[in-house]
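Engineer: when you get a sec, could you give me coordinates for this:
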Amino acid sequence: MGPGDIPVLSVFGETIPRAYETAIREVWDKGASVRTEYDRPEDPPSRDATVVITVERPFGQPRFHRSFADGLGGLSEYVMEVVHGAHDYWIKPREEILKGVESTDTRWTYTYHRRLVEYEIDSQIIDQVNFMVDKLARTGYTRRAQGITWNPVLDPPSDHPPCLQRIWGRLIEDDNGDLVFNMNTHWRSRDLFKAWFENVIALTTLMRKIANEISARSGRPVRLGRYVDISDSLHIYGSYFRELEGDPERGIKSFFERLESRSFDDRTWTSEFVRPHFIDDGVGKGLRPMLEREHEMPPDVRAAVARELEAMERDDYIV
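Structural biologist: As a prediction, this is how the structure comes out:
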């Protein structure tokens, strides 16, 4: 790499927490110093790199890292947002989105679910996930099973365009002739320290849903293969540096010292531990409080979340 080049890094982890920790170390040590459009005057430049992350077993245990921005109940609600469209009704009208930064409507401009399942183009609504499932169920080796999020009309004027750009999937037969679903996600921009982990929990849950639907339509079992996560800009914001560096004068360890001082089991949670917190975390978040709290959720979406809650209440369900 020469001066001015953005580093290109490759990270491998058997599980999501392993990949997360390795990615933070790699971007911290090898990332370029780059300013962002969200910096405050006092913030140092971010650490930034183009990164390809492979997770060999997306549902391998332990699946959850303890260091992430939201609580477990909030994370479960985010998963419902991505997989079932629980917050699609928070999106503001198209005419307000087109105003860009001039809009005074503080509602969202998109959700990943809406863009993937109800992509709007030329007055048509396209369910791209359904296309992926149907295409792969008929022709598993196709290279055309994908869904995009970017809208060239709505997104360029926005201050917060979607980070996720595309998902792509493919089926491969293993040595026993069984079908294995592999999925890639492509991101233009990614907050590594405080968004990557939650994104991956949600997207791998969507990955499992797609695999299950392919199995139902094809009549063949489909198991999950590797998950690959590709970010054009995977970054650690300068505003987070104090959290990573710690404060020796106050006796606050750095993020990396905390990793080294605790065992991997003490840095992570299993799905078994997390499941009851996904149902109800005791502080107002989780699927049960979500259904009680969000009265404006459309009936079909509410029914999907309720079915997820019912499944999650079984001991054999893996979050």
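Engineer: got a list of what Ile201 touches?
Structural biologist: Contacts here follow CB atoms under 8 Å, 6 or more residues apart in numbering; on that basis Ile201 touches 16, 63-64, 75, 79. (C-beta placed from N, C-alpha, C; glycine too.)
Engineer: how many neighbouring residues does Arg250 have?
Structural biologist: 6 (other CB atoms under 10 Å).
Engineer: how far away is it from Arg242?
Structural biologist: Distance, Arg250 to Arg242, by CB to CB, to the nearest Å: 11 Å.
Engineer: still on that earlier bit, buried among the contacts of Ile201? Need that as a selection in PyMOL.
Structural biologist: Applying 16 or more other CB atoms under 10 Å to these, the buried members can be selected in PyMOL as follows:
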select buried, resi 16+63+64+75+79
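Engineer: helices along the chain, start to end?
Structural biologist: Using DSSP state H, the helices of the chain run over residues 16-30, 72-84, 94-97, 112-117, 128-138, 197-218, 241-245, 255-261, 264-267, 271-279, 287-293, 299-312.
Engineer: with mean pLDDT and distance to Pro156 as added columns, please give those in TSV.
Structural biologist: Below are the helices of the chain laid out as TSV (pLDDT from 0 to 100; distance: least, CB to CB, whole Å):
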stretch	mean pLDDT	distance to Pro156
helix 16-30	98	27
helix 72-84	98	23
helix 94-97	90	11
helix 112-117	98	15
helix 128-138	98	21
helix 197-218	98	22
helix 241-245	90	30
helix 255-261	90	35
helix 264-267	96	40
helix 271-279	98	36
helix 287-293	98	33
helix 299-312	98	29
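Engineer: the longest strand anywhere in the chain pairs with which strands, parallel or anti?
Structural biologist: In the chain, assigned by DSSP state E, the strand with the most residues is strand 222-236. Note on strand 222-236: by DSSP bridges, its sheet partners are strand 46-55 (antiparallel), strand 179-187 (parallel), strand 190-191 (parallel).
Engineer: mean neighbour count added to those strands, as CSV?
Structural biologist: Formatted as CSV, these follow (neighbours: other CB atoms under 10 Å):
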stretch, mean neighbour count
strand 46-55, 22
strand 179-187, 20
strand 190-191, 22
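Engineer: for Leu98, give me its contacts.
Structural biologist: Contacts for Leu98 were tallied using CB under 8 Å, 6+ apart; they are 153-154, 157.
Engineer: now do the longest strand of the chain, average pLDDT.
Structural biologist: Per-residue pLDDT over strand 222-236 has a mean of 98.
Engineer: report the buried residues of it.
Structural biologist: For strand 222-236, the neighbour count (16+ other CB under 10 Å) marks 222, 224-225, 227, 229-236 as buried.
Engineer: relative to helix 128-138, how tilted is that strand?
Structural biologist: Comparing the axes of strand 222-236 and helix 128-138 via axes from the mean of the first three to the mean of the last three CA atoms, to 10 degrees yields an angle of 140 degrees.
Engineer: what angle sits between strand 222-236 and helix 197-218?
Structural biologist: Angle, strand 222-236 to helix 197-218, by the same axes, to 10 degrees: 160 degrees.
Engineer: going forward, the N-terminal residue is numbered 145.
Structural biologist: Taking 145 as the first residue, the last one we looked at is strand 366-380.
Engineer: now the angle between helix 160-174 and strand 366-380, please.
Structural biologist: On the basis of the same axes, to 10 degrees, strand 366-380 is oriented at 30 degrees to helix 160-174.
Engineer: appreciated, that's everything.
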